[in-house]
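K.L.:
Make a model of this:
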Amino acid sequence: MPIYFDHNATTHLDARVLEAMMPYLSGPAANPSSLHRYGRLARDAIEAARVQVAQLVGAQPRDVIWTSGGTEANNYAIKGVMQAARGRVLYGATEHPAVMEAAESLRAGGCEVEAIPVDRRGIIEADALAAQLAILAEGAQTTAAIAGTPEAAVQARAAAATLIDAAGLRG
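P.N.:
Down below sits the predicted model:
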């Protein structure tokens, strides 16, 4: 059996998830925004899933937002946070293009955007991150990938968290 190394891009659906989804994949198609019976059933299923996911991650159901995929989620998170906070966006130079493009698009609106250099292994350079964190205005937002594309290295989360804490920027 071949070994698959690109689970960040896509992965097989867990059999339990498929089983839970089958009634909606094989049953009547329905728009959850519709008022008819099938629409209401679809809406109920979506809201039940929202509650389940919220419980799984320790959130409130109102905080679970469905998107069509990673690019939409990145845009929603990065642009949404920055519209509310106005500040400086930092991202690793090896970030996925969806993250880089969302961040870079904020320049036109007056946000400062900086790509943090990475070392030869693709890990964000701690000194460069520390320097950028030192000049962040209070209330600014930062983002760092935990895992990016297969070519990107998993970031040193503990080290980055320590730098963010030292700069007094943890929210």
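
K.L.:
Which parts of this structure belong to which domain?
P.N.:
If you go by automatic domain parsing, the domain ranges for the chain are 15-63, 70-166.

K.L.:
End to end on the shortest one, go ahead and measure it.
P.N.:
This points to domain 15-63. By Cα to Cα, to the nearest Å, the extent of domain 15-63 from end to end equals 27 Å.

K.L.:
Which parts of this protein are helices?
P.N.:
Across the chain, reading from the start of the chain, the helices by DSSP state H fall at 15-26, 37-57, 70-85, 97-104, 126-134, 157-166.

K.L.:
Would you check that Met82 makes contact with Leu90?
P.N.:
No - using Cβ atoms under 8 Å, Met82 and Leu90 do not qualify as a contacting pair, with a distance of 11.5 Å. For every residue, glycine as well, the C-beta is placed using N, CA and C.

K.L.:
rewinding a little: how about the helices of the chain in JSON lines, adding mean neighbour count?
P.N.:
Written out in JSON lines, the entries for the helices of the chain read as follows (neighbours: other Cβ atoms under 10 Å):
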{"stretch": "helix 15-26", "mean neighbour count": "10"}
{"stretch": "helix 37-57", "mean neighbour count": "14"}
{"stretch": "helix 70-85", "mean neighbour count": "16"}
{"stretch": "helix 97-104", "mean neighbour count": "18"}
{"stretch": "helix 126-134", "mean neighbour count": "16"}
{"stretch": "helix 157-166", "mean neighbour count": "14"}
